[in-house]
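Engineer: What follows is a predicted structure for the sequence shown.
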Amino acid sequence: MRQRRRTSLGTALAVALGSLVTGGSLAAQTTSGFTKPVVSANVPRTPDGKPDMQGIWDAATITPLERPDGVKDLVMTEEAMRKLEGREVERVDQLARPSDPNRAAPRVDGNVGGYNYFWIARGNRGLRINGQPRTSLIVDPPDGKIPPQTAEAKRRNSAARGSVFLPTSDAPENAQPTGAGAYDDYELRPLAERCILAFGSSSGPPTLPNYFYNNLKQIVQTKDHIVLLIEMVHDARMVPIGKPHAPQGVRKWMGDSVGRWEGDTFVIETTNFTNKTRFRGSTDMMKVTERLTRLDEHQLLYQFTIEDPATWTTPWSGEYTWLKTDEHVYEYACHEGNYSFQGIMAGERLLDREAAAKQNSEKDK
């Protein structure tokens, strides 16, 4: 499953845009690069007058987090976006065709494949904000790229236990640490493989599209709390409103989140991360600020800023929309610790014994 080939969204977007006109005027934006939210008068509200954000939202999009190489502008033409979306529909239709029952069996040591495309639901919608098609979620830096890491971060992240890098919370579904020692310690396996957090930073913060499936997010709202339930691996983040952060010594998988209202925008500030998650190689001192604004009956604008001076040379920010949906969030039965983990590790020990036996046999010749 984890070795399954997938077309790079960034590459596909860059190719599609290479022959299409990009550019366009930007909607009103703040100094951070964010779009200035315009809230409709028809936004549903709670009895205390706050925008009602409750419900299930679909965050799936084909627009990548980072702008592809060779694409300069944040805004692309509607013509280019529609062609890109059409190509994605054609690609999925092709991949979802029934398998040939007469095909040859895979090689003994070959890739047997993963999910049939019937199960894949990464969406075919490009990101549009205020009607403007976007080429990336990142809006700051202006080039749409995650800023360079500091020299300290490069040194820190180049270090490995044996030859295997430690897991990060942003690892994609097909992440597959390899090399000496990759299966020697269960804590070296990806967090999603261990069913602790969703892959691709779906759990957050920041909570991002995973470009695969299970991209629904449910919001439950009261006067003193907002809860974000993520469909992938059923992670739930409870955000108290108007409360102080936990003491610095209290560290959590998804950090310690506290919220406040700024007009019609709900702001979540998260600190107190653990060094077990290391979002994109960050430290446990990372700070994430999220801004959720319900724009109208059908759209919610999600904006985020990442700050970690020990990791990146400058803060960076992004934004994308979630669409209201009538779909349901069903249980994602991934169990913390992964009940099949014993088999995963036992299988690797069997391979170790076979390799050792082969090596000894060759020595005896």
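Structural biologist: Cool, got the structure. Numbers count the residues shown, from 1 in each chain.
Engineer: give me the low-pLDDT residue ranges for this structure?
Structural biologist: 1-32, 159-165, 178-179, 336-337 (pLDDT under 70).
Engineer: which residues of it fall in helices?
Structural biologist: In the chain, the segments counted as helices under DSSP state H are 9-18, 78-95, 151-158, 341-364.
Engineer: Minimum distance to Gly70: which of those helices has it?
Structural biologist: Nearest of the helices of the chain to Gly70, taken as CB to CB: helix 9-18 at 5.4 Å. Any C-beta I mention is one placed from the backbone N, CA and C, and that applies to glycine too.
Engineer: Throw the helices of the chain into CSV and include distance to Pro44 and mean neighbour count, thanks.
Structural biologist: Listed next are those as CSV, based on distance: least, CB to CB, whole Å; neighbours: other CB atoms under 10 Å:
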stretch, distance to Pro44, mean neighbour count
helix 9-18, 33, 18
helix 78-95, 29, 15
helix 151-158, 43, 13
helix 341-364, 44, 10
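Engineer: between these, which gets nearest to Asn210?
Structural biologist: helix 9-18 (11.3 Å).
Engineer: any idea how far the residue nearest to Lys276 when sequence neighbours are not counted lies from Tyr186?
Structural biologist: If you skip the residues right next to it in sequence, Lys276 has Trp253 as its closest partner in space, 7.0 Å away by CB to CB, 6 or more residues apart in numbering. According to CB to CB, to the nearest Å, Trp253 stands 16 Å off from Tyr186.
Engineer: swap in Tyr115?
Structural biologist: When CB to CB is the yardstick, Tyr115 and Tyr186 sit 24 Å from each other.
Engineer: Strands of this protein, residue ranges please.
Structural biologist: Listed from the start of the chain, the chain has strands (DSSP state E) covering 55-58, 128-129, 132-133, 138-140, 216-221, 225-230, 236-240, 256-262, 265-271, 287-294, 299-307, 316-324.
Engineer: Direction included, what does the fifth one pair against?
Structural biologist: Think strand 216-221. Using DSSP bridges, the strands paired with strand 216-221 are strand 55-58 (antiparallel), strand 225-230 (antiparallel).
Engineer: quick one on the thing from earlier: wait, which of the strands of the chain is closest to Ala175?
Structural biologist: Going through the strands of the chain one by one, with CB to CB as the measure, strand 225-230 comes closest at 18.0 Å.
Engineer: what residues does that closest one touch?
Structural biologist: Defining contact as CB atoms under 8 Å, 6 or more residues apart in numbering, one finds that strand 225-230 is touched by 53, 198, 202-204, 207, 217-221, 235-241, 259, 266, 268, 329.
Engineer: which parts of it are buried?
Structural biologist: The neighbour-count criterion (16 or more other CB atoms under 10 Å) identifies Ile226, Leu228, Leu229, Ile230 as the buried residues of strand 225-230.
Engineer: now the angle between strand 256-262 and it, please.
Structural biologist: Relative orientation of strand 225-230 versus strand 256-262 (axes from the mean of the first three to the mean of the last three CA atoms, to 10 degrees): 120 degrees.
Engineer: now strand 225-230, how far from the chain's geometric center?
Structural biologist: Centre-to-centre, strand 225-230 and its host chain are 17 Å apart (CA atoms, centre = their mean, to the nearest Å).
Engineer: Please name the nearest non-neighbouring residue to Glu297.
Structural biologist: Leaving out its chain neighbours, Glu297 is closest to Asn42 (CB to CB, 6+ apart), at 6.0 Å.
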